[in-house]
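*Asks:* turn this into a structure:
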Amino acid sequence: MGFNTELNIEILKMSFNIQRTTLSEYSSAILQYNPSLFITPQWMEAVTTKNKKVLYLNIFYNNELIGKIAGLMFRNLTFNKELYFYSEPALKSNYSELLSQCLQSLVHYAKSHRFTRVSFGYLDQQSSEIPIVDGLKIKKTHEFVLQLQNEYKNFIPGNNFNIKLKKAAKINPEFSSSRDPEMVIRMISLLKETHSIRKNKNRHDYDLLSYNFVTERSLCKLVESGAAVFYYTKIKDQIHFISLCLEIDNRAYELYNGANAFGYANGLTGWMIKMRVEKYSQLGFYYFNLGGIPHEHGDKENLSGFKLQAGSTPKQVYLAQSEFLCLPEKLINPFFNLGKYMPYNRFTRFLIKALG
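*Replies:* Reported below is the predicted structural model:
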């Protein structure tokens with residue numbers, strides 16, 4: 001539901017109340033709201049820096065606390081503040097129909113606190129709704145989730161996935177895990193090898209650490225907090241594949257996979273999913289989220305096909321970004337809106353990055 005009249009905006013202001021809260025209060029109750037793993041304190045405290053501070057918010061509706069969200073505050077190129085949320089707000093299940101109104105209220109909160117723009121990522125969204133919000137540009141995409149307690153139990157892997165498993169079985173790999181932050185460096189080394197392999201296959205370029213505002217130090221802090229675990233495979237003491245997974249509240253999200261040429265050639269990309277699924281199933285995890293897919297068509301088809309063969313179910317999620325809310329950036333909104341009529345290529349990618 002959108003809000004297109006002054007009357008509706010006034011009703012919204014009275015009904016919703018967004019209040020800043022403390023880390024301690026937010027942490028004590030957040031899991032009661034079934035949040036995205038990317039608005040938990042463990043993730044947020046890992047990505048915070050001297051120049052990027054965490055904003056913890058409570059969401060009230062008619063004076064009742066119905067949800068929570070946490071985001072990063074930072075300065076843009078014109079030294080105005082921006083607000084970035086990695087995912088949507090966590091709402092009580094019986095309030096899911098209020099998602100659009102809640103996002104509308106968060107946009108109003110951002111504007112009233114002089115944030116020049118507010119953005120929402122799609123990571124590990126828990127609702128199945130696509131909101132409609134005045135002033136927010138919504139883009140649909142998908143994540144691929146292994147529902148370990150439900151339909152996955154009867155899943156039969158696809159032929160290509162089975163081929164990977166058979167290849168891996170021939171080399172007798174060793175499956176191990178670690179919570180040593182020093183493995184971040186080894187994983188990044190393998191991520192670079194993966195990047196090189198993909199580029200040699202004429203795949204599109206991408207950032208190694210991909211998620212907004214994530215650094216090597218962020219990953220070390222995340223592992224040190226106990227919220228992230230490395231899974232890796234060795235053959236004769238040599239590591240060929242490392243994956244880093246976010247694990248909170250019996251839920252898992254695959255953050256990164258790094259493999260060398262040997263790992264790719266011998267099916268370790270599929271085998272490592274199988275091994276983690278078995279581990280998570282034994283531990284009673286609810287789901288294992290394999291993450292999203294890139295926008296470029298070639299990689300999109302390849303990656304989505306692989307994740308489907310692994311037994312995941314596509315879940316529709318969304319990204320959302322407001323127009324510029326404050327001056328002087330607000331003056332360029334008409335020009336920024338022209339972007340939807342332009343082709344998606346190297347030049348437009350450069351413009352999008354330059355404008356944030």
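
*Asks:* use CA for all of it now, contacts and neighbours both
*Replies:* OK.

*Asks:* for the chain, which helix is longest?
*Replies:* helix 183-200 (DSSP state H).

*Asks:* now do the buried residues in that helix.
*Replies:* Going by neighbour count (16 or more other Cα atoms under 10 Å), the buried part of helix 183-200 is 183-184, 187-197.

*Asks:* counting contacts, what elements does the helix or strand that it is followed by pack onto?
*Replies:* Downstream of helix 183-200, the next assigned helix or strand under DSSP states H and E is helix 216-224. Secondary-structure packing of helix 216-224 (3 or more Cα pairs under 8 Å, 6 or more residues apart in numbering; DSSP states H and E): helix 41-47, helix 183-200.

*Asks:* with pLDDT and distance to residue 55 added, can I get the buried residues of helix 183-200 in JSON lines?
*Replies:* As requested, the buried residues of helix 183-200 are exported to JSON lines (pLDDT from 0 to 100; distance: Cα to Cα, whole Å):
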{"residue": "183", "pLDDT": "98", "distance to residue 55": "30"}
{"residue": "184", "pLDDT": "98", "distance to residue 55": "27"}
{"residue": "187", "pLDDT": "98", "distance to residue 55": "30"}
{"residue": "188", "pLDDT": "97", "distance to residue 55": "29"}
{"residue": "189", "pLDDT": "97", "distance to residue 55": "33"}
{"residue": "190", "pLDDT": "97", "distance to residue 55": "33"}
{"residue": "191", "pLDDT": "97", "distance to residue 55": "31"}
{"residue": "192", "pLDDT": "95", "distance to residue 55": "33"}
{"residue": "193", "pLDDT": "95", "distance to residue 55": "36"}
{"residue": "194", "pLDDT": "92", "distance to residue 55": "35"}
{"residue": "195", "pLDDT": "89", "distance to residue 55": "34"}
{"residue": "196", "pLDDT": "91", "distance to residue 55": "37"}
{"residue": "197", "pLDDT": "88", "distance to residue 55": "39"}
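
*Asks:* looking at the residues you listed, which one is closest to residue 41?
*Replies:* residue 184 (20.6 Å; Cα to Cα).

*Asks:* would you agree that closest one is in contact with residue 220?
*Replies:* Yes - counting by Cα atoms under 8 Å, residue 184 touches residue 220, with 6.6 Å between them.

*Asks:* touching stretch 164-175 from outside, list them.
*Replies:* 231-235, 266-272, 275 (Cα atoms under 8 Å, 6 or more residues apart in numbering).

*Asks:* most neighbours out of those, which is it?
*Replies:* residue 268 (27 neighbours; other Cα atoms under 10 Å).

*Asks:* mind jotting down where the strands sit in the stretch 1-150 of the chain?
*Replies:* 16-20, 53-61, 64-75, 81-85, 90-91, 115-120, 136-147 (DSSP state E, counting those that start in this stretch).

*Asks:* mean neighbour count, the ones you listed: which tops it?
*Replies:* strand 90-91 (a mean of 26; mean count of other Cα atoms under 10 Å).

*Asks:* which residue, other than its chain neighbours, is closest to residue 293?
*Replies:* residue 300 (5.7 Å; Cα to Cα, 6 or more residues apart in numbering).

*Asks:* shouldn't that neighbour be in contact with residue 294?
*Replies:* Yes - Residue 300 is in contact with residue 294 according to Cα under 8 Å; the separation is 5.5 Å.

*Asks:* got the helices and strands packed on helix 216-224 as CSV, with distance to residue 67 columns?
*Replies:* Output for these, formatted as CSV (distance: least, Cα to Cα, whole Å):
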stretch, distance to residue 67
helix 41-47, 15
helix 183-200, 34
